[in-house]
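> Give the three-dimensional model of this entry:
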Amino acid sequence: MSDYNIRLYKDSDYELARELFTRGMIEHYPMAFRLALRHPRSWLSLLVIFLGSFLISGSVILSILVLTIALIVLLICSRYVYSSYVDHCLSHDMLDIRKYYLQRDGRCFWVAESGGIVVGTVAAVPSSNPRGEKHTELKRLTVARSHRGKGIAKALCRTVIDFASQRGCEAVVLETSLPQIDAWKLYEKMGFWQTHAICLPSFTERLAYVMELFYRYDIPITS
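Numbering: from 1, shown residues only. Alright, predicted model coming up:
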């Protein structure tokens, strides 16, 4: 028997839901930084910065200092990608969760509760894709670190899939990022498949080489 239950969002969940979302997103920037460092373009850029600094200054110490500053800038950019996204969401759909998700057709917001405490969230909205009239988008999936590995994230995903199925939708779609490794591995295990991936367009996102991944789950047709 599971030690958690999934229920509809209540106004008393507001602060915890926003806090869980914030923590769940910000925690990905260290991985984003590590992935950026592994990118060949990063190595080439850092090499050019080091050699350029050395040719200009003739000082190895100064060149190392400039290289260190470049690494710090890359780390800051990696964090900014996620912190700016969190700021946008907290002032948009997460500002008034009830109004945005529970008072509009085709939308919903659930929480996972364990021991009377909210430990996870997930939301559903109609897909914004012009070709996705019969698609539901899965959003705001997060689970507290202390409660991961217990099947909560999978149950929350299944809740959205069931919601979409009951509404006669053909598929559930979602967006995630490459550094969110645990998330996209979970989606793939559940039967989601990656439709495409893009490099995010802003300067900081390009600098940090953050890839956005798009997934789809086709809901089985029942007779």
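> Now find how far off-centre the lengthiest helix in the chain is within its chain.
Ranked by residue count under DSSP state H, the longest helix found in the chain is helix 60-90. In this view, helix 60-90 has its centroid 19 Å away from the chain centroid, taken as C-alpha atoms, centre = their mean, to the nearest Å.
> Which other helices and strands does the helix or strand just after it contact?
Downstream of helix 60-90, the first helix or strand assigned by DSSP states H and E is helix 97. If you count contacts as 3 or more C-beta pairs under 8 Å, 6 or more residues apart in numbering; DSSP states H and E, helix 97 packs onto no helix or strand. Quick note: C-beta positions are derived from backbone N, CA and C, even for glycine.
> Let me see the mean pLDDT of whichever helix or strand comes after helix 97.
Sequence order places strand 108-114 as the next helix or strand after helix 97, per DSSP H and E. Mean pLDDT, strand 108-114: 98.
> List the buried residues in the longest helix of the chain.
By neighbour count on 16 or more other C-beta atoms under 10 Å, the buried set for helix 60-90 is 63, 66-67, 70-71, 74-82, 85-86, 89.
> Quote the end-to-end distance of stretch 6-18.
17 Å (C-alpha to C-alpha, to the nearest Å).
> ok, and for it, which residues are buried?
Under the neighbour-count criterion of 16+ other C-beta under 10 Å, stretch 6-18 has Ile6, Tyr9, Asp13, Tyr14, Leu16, Ala17, Arg18 buried.
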